[in-house]
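Asks: give me a 3D structure for the following:
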Amino acid sequence: MTKLVISYFVQIVILALLFNMGQTTVEESGNDVASVHVINGLPEKSKAMKIECSLKGKSVGIFHDLVVGDEYSWIVKEKGLYFCEAIWGGLVGSWHAFQPSRDANHTSVFWLVKHNGFFLSWDNSTWIRRSTWETE
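Replies: Residues are numbered from 1 along each chain as shown. Presented below is the predicted three-dimensional model:
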């Protein structure tokens with residue numbers, strides 16, 4: 001009988017520990033750093049722009065074709081340098097979509113891609129050109 005009680009007690013303790021570990025994981029995964037938005041502001045009737053982004057040199061699965069007017073966004077969950085590249089016709093461009101030293105105090109980072117470059121905003125209304133297109 002004593003072995004049975006001890007066995008139940010051990011099972012309850014193990015379940016409690018597993019439950020607490022799960023709680024910690026959920027809380028940690030909720031630490032969103034910022035949202036990043038890429039907006040295609042290229043001229044009407046332009047071909048789709050292709051974008052690919054990576055974190056610390058490793059692909060994070062961000063591959064998209066954005067037609068004019070489209071917006072793509074994602075949540076940054078790790079403070080690291082997010083680097084993006086775009087191809088539009090025979091032009092290529094690259095920029096730091098999220099840079100912790102520049103963007104860490106902002107909840108949103110907006111990028112407007114136009115024919116004359118890549119523009120950064122933290123409020124989606126005041127824009128600063130940070131990069132330009134280059135030929136392939």
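Asks: how close does residue 119 get to residue 128?
Replies: For residue 119, the distance to residue 128 (C-beta to C-beta, to the nearest Å) stands at 6 Å. Every C-beta, even on glycine, is put in place using the N, C-alpha and C of the backbone.
Asks: who's more crowded, those two?
Replies: Remark: of residue 119 and residue 128, residue 119 carries more neighbours, 19 against 9, as counted by other C-beta atoms under 10 Å.
Asks: isn't that one up against residue 127?
Replies: Yes: Residue 119 lies in contact with residue 127 (C-beta atoms under 8 Å); the separation is 4.0 Å.
Asks: spit out the residues that contact those two alike.
Replies: Common contacts of residue 119 and residue 127 (C-beta atoms under 8 Å, 6 or more residues apart in numbering): residue 112.
Asks: please parse this structure into its domains.
Replies: As given by automatic domain parsing, the domain ranges for the chain are 1-30, 34-135.
Asks: which of those domains sits most buried?
Replies: Of all the domains of the chain, domain 34-135 has the most neighbours on average by mean count of other C-beta atoms under 10 Å, namely a mean of 15.
Asks: model confidence over that domain, on average?
Replies: Mean pLDDT, domain 34-135: 94.
Asks: ends of it, what's the gap?
Replies: With C-alpha to C-alpha, to the nearest Å as the measure, domain 34-135 spans 31 Å from end to end.
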